[in-house]
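K.L.:
predicted coordinates and the sequence they were generated for:
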Amino acid sequence: MPARRAPERATMHDVARRAEVSIKTVSRVVNGEPGVSEALATRVRTAVQELGYRHNLAASNLRRGQRTASIGVLVDDLGNAFCSEVLRAIEDRARGRGIVLLASSTDEDVDRERELIDGLLSRRIDGMIVMPTGRDQRHLTVEHADGVPVVTVDRRPADPGIDGVVVDNAGGARTAVAHLLAHGHRRIGILGDASDIVTALERRDGYRRALADAGLPHDPALERLGARTREEASAHATELLALADPPTAFFAARNVLCTGVVDALRRQGRSHEVGLVGFDDVPLAELLDPPVTVIRQDTRAIGEQAMDLLLARLDGDQGPGRVVDLPTELVVRGSGEIPAPAVDRG
């Protein structure tokens, strides 16, 4: 399901314009400070209600030098191994500074993400590390502009003033598919995440580039984007294997999708016949039969770099936004080295 578009949040400037008062007057009213007549306060409160303005207590705390020694972390799914490993790396780094984490899953739902951000800010967190949902990141820009440090992980920030940590998704996918091509495969299926997720498109693009490098066109019949669960991935893989001209190998562009392909191949007794390379490591991958070859992301480096960027902002860094690009690594284990049938190589 495509991520829903988030509405823009009203700012203190909007309230000031609606009430025809200064921003300082609005600030005094929402912070409960004296020095404002009842008539002006009523105008401000009316504008606040009409615009649905939510006062950012976290930003107010930071501007006043007050800290809570807590940060918010939002990821796609805390139950996913990639997300949990990144979170643990953030937590370990934060612990050294006496900072506690408030973490939750967005489930790739932009409305849920907005609700969670509102909840975190109401608890006066000092900053946020977010795996953004969808392409519309205007709500993160608003919080950043209000003074709350924001760092994105896994997806590149849309606002050049916001810090981020990303990996070379296209390059990693290109390496994965080139590895399968080197073992003779020419019919390679891809299973990817929802098409409105930037990383899914980057990995699909890397898949297509690898085919182009080998002088091969991409076949839309072999591309399946939109799978979110293990079960959906297994169903897509089964459909592809039933084609008149089926793939002899798969590139699974996310760890949970890779496990779905493993299920489909095992049910058909073809685990040692069809090649497979996954993106993101798979729990116990080396114990499967055959062990699964993957493109590994350095989850510890991702989490540590994200926390270091956030700490720098909390320590007063006012420099321009910085995006850290990390490489991926091909981990050869067995499934990606299964040769294509002789007829396919020919």
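P.N.:
Cool, got the structure.

K.L.:
the strand or helix carrying residue 116 packs against which elements?
P.N.:
Counting by DSSP states H and E, the element that carries residue 116 is helix 110-122. Where contact means 3 or more CB pairs under 8 Å, 6 or more residues apart in numbering; DSSP states H and E, helix 110-122 is packed against helix 57-63, strand 70-75, strand 128-130, helix 138-145. C-beta: built from backbone N, CA, C; applies to glycine.

K.L.:
among these, show the one with the smallest mean pLDDT.
P.N.:
The minimum mean pLDDT among the helices and strands packed on helix 110-122 belongs to helix 57-63 (a mean of 51).

K.L.:
run the chain-centre distance for the helix holding residue 116.
P.N.:
Distance, stretch centre to chain centre, for helix 110-122: 16 Å (CA atoms, centre = their mean, to the nearest Å).

K.L.:
give the buried residues for stretch 93-100.
P.N.:
For stretch 93-100, a neighbour-count test (16 or more other CB atoms under 10 Å) marks 93-94, 99 as buried.

K.L.:
closest to residue 172 out of the residues you listed?
P.N.:
Among the buried residues of stretch 93-100, residue 93 lies closest to residue 172 (CB to CB), at 24.0 Å.

K.L.:
where do the strands sit along the stretch 101-250 of the chain?
P.N.:
For the stretch 101-250 of the chain, strands defined by DSSP state E, counting those that start in this stretch occupy the ranges 128-130, 150-153, 163-167, 188-192, 223-225, 249-252.

K.L.:
can you give the strand pairings for the third one, parallel or anti for each?
P.N.:
Here strand 163-167 has these sheet partners by DSSP bridges: strand 150-153 (parallel), strand 323-326 (parallel).

K.L.:
just name the most buried of those strands.
P.N.:
Counting by mean count of other CB atoms under 10 Å, strand 150-153 has the highest mean neighbour count of the strands paired with strand 163-167, with a mean of 28.

K.L.:
so what touches that one?
P.N.:
The contact list for strand 150-153, computed with CB atoms under 8 Å, 6 or more residues apart in numbering, reads 75, 86, 127-132, 137, 140, 143-144, 157, 162-166, 302-303, 306, 309-310, 313.

K.L.:
which of the buried residues of stretch 93-100 lies closest to residue 284?
P.N.:
Taking CB to CB as the measure, residue 284 lies nearest residue 93 of the buried residues of stretch 93-100, at 26.5 Å.

K.L.:
list the contacts of the closest one.
P.N.:
By CB under 8 Å, 6+ apart, the neighbours of residue 93 are 303-304, 307-308, 311.

K.L.:
end-to-end on stretch 91-108?
P.N.:
When the termini of stretch 91-108 are compared using CA to CA, to the nearest Å, they are 22 Å apart.

K.L.:
redo the strands of the stretch 101-250 of the chain as a markdown table? Include distance to residue 326.
P.N.:
As requested, the strands of the stretch 101-250 of the chain are exported to a markdown table (distance: least, CB to CB, whole Å):
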| stretch | distance to residue 326 |
| --- | --- |
| strand 128-130 | 15 |
| strand 150-153 | 10 |
| strand 163-167 | 5 |
| strand 188-192 | 21 |
| strand 223-225 | 24 |
| strand 249-252 | 20 |
